[in-house]
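A.B. asks: predicted structure and sequence below. I'll ask about it afterward.
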Amino acid sequence: MIGRLIAGRYELTEPLGKGAMGQVWGGHDRGLGGRQIAVKLMNSGQMASLSGSADPEELRERFERECRVTAQIDHPGLVTVYDAGRDIDELFLVMQRVEGSDLSDHLAERDPYPWPWAVAVAAQLCSALVAVHAVRIVHRDLKPGNVIVRPDGRVVILDLGIAAVGSACDTTRLTRTGALIGTPVYMAPEQAMGGTPVGPGADLYALGVLLYELLTGQVPFAAPEASGLLYKKLHELPVPVRQIRPEAPEPLAALVWRLLDKEPSARPADAHEAYAALAPLLLRPGQHGPPLPMDPTRPFAEPMAPWPVRRTPTATPPPGFGPPPVTDLSDTLEEVRQLLAGGYYTQVAELLGRALPAAAAEHGEGSPVVRTLRKQYAATLVDIGQYALALPEISRLIQEFTAERGPHDPVVVQLLQDEALCRHRISHA
């Protein structure tokens, strides 16, 4: 697949991820001097099976029509769509490639997540959702894994093009095969039940789940099966935010409670109203301290300010270069980023291998930050060919993520591929 040319101009260079609906590849646009792009490839037959559509050709036409609509949305909180079409039996979507950290990792690296950051993330998402809903599109899969925090603090929503597929019908219902399209934890009750097309209120509910998770470190409802999760959403109430996070402002906790209401009509009327509730809590110019990497409050506190030059490792490590002593976890994470930027993967593996026990002792084996470190550690071990060391880490992650997200989550699918690669390389060593 590497080196494949899509539509005669988009060259695929490396895989970025894989999910039930297709694959994501990094690439270059040969027609524009090698511009960096992200390409999503989706098999229309597989999409038809998952969505319950009997006509793959109809699905292709609807996908292309709706991609043209999404490409007209111009908002800094949305990935720019460059092109869409079909190549042989696959649908493709060419988009801007966004640098940054997905929100799930951003949360895991900061415990507890500062509540002003949670406000800033939610406010930026509201702004983007206003633009999306204005063209009668519902995202339907808003979750931390579909949100990127850029180095300058801007928040960008991903996967809009895929979410728009099939908006004329309800593709989130349980299909004949029992597969649920979307992410159950973040689904509004009416979306998970199916039967009628969902409206913008479903995205507001997902925003409420996401905001609850940022503030408390946990989702409002959890269950091993989608049916049990739906029952809780319909018949139980979440633990109030301030019982878990007492320092969260009351207006913020009240907004989260409204966003998570079981009835769409009881939620904020639209993303405009949700933003208006968040606006008084946003940091203003002059209230911001020294700039931090990936600080989502920065666009509000220092609008249009240039970002400081990022410090990166020297081109050649000095004699005796090795991982520094593990001290503060945030320092370790910053060191990992710098080493990865410089291509020093062996040093990253050594540093993470030493940091993991200390992080587990401080935060607990099951904490999000430890899982994030373990995921990076396993990926780095695979990159440097240490398959025997990587395999037990990957197998453990598969069990944890499968129990939490289900077997079809993109992270689980990617981990299963990595596990198969490790087993293959070990058996042929």
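C.D. replies: Everything's here; your move.

A.B. asks: so residue 142: helix, strand or coil?
C.D. replies: coil (DSSP: H, G, I helix; E, B strand; the rest coil).

A.B. asks: can you report phi and psi for the most centrally placed residue in the chain?
C.D. replies: Residue closest to the average C-alpha location in the chain (Cα atoms, centre = their mean): residue 145, at 1.5 Å. Here is the backbone geometry of residue 145 (degrees, to the nearest 10): phi -70, psi -20.

A.B. asks: my read is that it contacts residue 104, right?
C.D. replies: Yes - between residue 145 and residue 104 a contact is recorded at 5.3 Å, counting by Cβ atoms under 8 Å. Every C-beta, even on glycine, is put in place using the N, C-alpha and C of the backbone.

A.B. asks: one step back: measure the residue nearest to the centre of the chain to residue 34 for me?
C.D. replies: Note on residue 145: its distance to residue 34, by Cβ to Cβ, to the nearest Å, is 28 Å.

A.B. asks: and for residue 106?
C.D. replies: 29 Å.

A.B. asks: do the same with residue 365
C.D. replies: Applying Cβ to Cβ to residue 365 and residue 34 gives a distance of 44 Å.

A.B. asks: likewise for residue 256?
C.D. replies: For residue 256, the distance to residue 34 - Cβ to Cβ - is 44 Å.

A.B. asks: neighbour-wise, which of the two wins?
C.D. replies: Ranked by neighbour count (other Cβ atoms under 10 Å), residue 256 and residue 34 place residue 256 first, with 27 against 11.

A.B. asks: contacting residues for the more buried one?
C.D. replies: The contact partners of residue 256, taken as Cβ atoms under 8 Å, 6 or more residues apart in numbering, are 208, 211-212, 215, 241.

A.B. asks: please identify the helix or strand for it.
C.D. replies: Taking DSSP states H and E as the definition, residue 256 sits inside helix 250-259.

A.B. asks: how far does that helix sit from the chain's center?
C.D. replies: In terms of Cα atoms, centre = their mean, to the nearest Å, the centre of helix 250-259 is found 23 Å from the chain centre.

A.B. asks: ok, stretch 257-264 next?
C.D. replies: 23 Å.

A.B. asks: just the strands from this protein, written as ranges.
C.D. replies: Using DSSP state E, the strands of the chain run over 5-6, 10-19, 22-29, 35-43, 81-87, 90-96, 101-102, 147-149, 155-157.

A.B. asks: direction included, what does the first one pair against?
C.D. replies: In the sheet containing strand 5-6, the strands it pairs with under DSSP bridges are strand 10-19 (antiparallel).

A.B. asks: ok, the fifth one next?
C.D. replies: Pairing partners of strand 81-87, with direction, according to DSSP bridges: strand 90-96 (antiparallel).

A.B. asks: identify the residues contacting the partner strand?
C.D. replies: Outside strand 90-96, the residues that touch it by Cβ under 8 Å, 6+ apart are 6-7, 10, 22, 29, 37-44, 47, 60, 63-64, 67, 79-86, 161-162.

A.B. asks: let's go with 7 Å and repeat that
C.D. replies: For strand 90-96, the external contacting residues (Cβ atoms under 7 Å, 6 or more residues apart in numbering) are 6, 10, 37-44, 60, 63, 67, 79-86, 161.

A.B. asks: now the buried members of those residues.
C.D. replies: Buried subset of those (neighbour count, 16 or more other Cβ atoms under 10 Å): 6, 10, 37-44, 60, 63, 67, 79, 81-84, 86, 161.

A.B. asks: excluding residues flanking it in the chain, which one is nearest residue 347?
C.D. replies: residue 339 (5.2 Å; Cβ to Cβ, 6 or more residues apart in numbering).

A.B. asks: how close does residue 401 get to residue 413?
C.D. replies: Where residue 413 is concerned, residue 401 sits at a distance of 10 Å (Cβ to Cβ).

A.B. asks: more crowded one of those two?
C.D. replies: Taking other Cβ under 10 Å, residue 401 and residue 413 do not tie; residue 401 has more neighbours (21 against 17).

A.B. asks: for the more buried one, give me its contacts.
C.D. replies: For residue 401, the contact set (Cβ under 7 Å, 6+ apart) comprises 409, 411-412, 415.

A.B. asks: what's around residue 251, how many residues?
C.D. replies: By other Cβ under 10 Å, neighbour count at residue 251 equals 13.

A.B. asks: which ones are touching it?
C.D. replies: Neighbouring residues of residue 251 by Cβ under 7 Å, 6+ apart: 277, 281.

A.B. asks: again, 8 Å this time
C.D. replies: 277, 280-281.

A.B. asks: out of those residues, who has the most neighbours?
C.D. replies: Counting by other Cβ under 10 Å, top hit in the contacts of residue 251: residue 277 with 20 neighbours.

A.B. asks: next, the contact list for that one, please.
C.D. replies: Residue 277 makes contact with 251, 254-255, 268, according to Cβ under 8 Å, 6+ apart.

A.B. asks: kindly recompute the last result at 10 Å.
C.D. replies: 119, 122-123, 126, 251-252, 254-256, 258-259, 268 (Cβ atoms under 10 Å, 6 or more residues apart in numbering).

A.B. asks: cool, and residue 404?
C.D. replies: Residue 404 neighbours (Cβ under 10 Å, 6+ apart): 185, 219, 222, 224, 366, 371, 411-412.

A.B. asks: of these, grab the buried ones for PyMOL.
C.D. replies: To isolate the buried members of those in PyMOL, using 16+ other Cβ under 10 Å:
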select buried, resi 185+219+371+411+412
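
A.B. asks: hmm, residue 124 is touching residue 131, no?
C.D. replies: No - look at residue 124 against residue 131 with Cβ atoms under 10 Å: they stay out of range, at 11.6 Å.

A.B. asks: between the two, tell me which one has more neighbours.
C.D. replies: Shown here are residue 124 and residue 131; by other Cβ under 10 Å, residue 124 has more neighbours (25 against 18).
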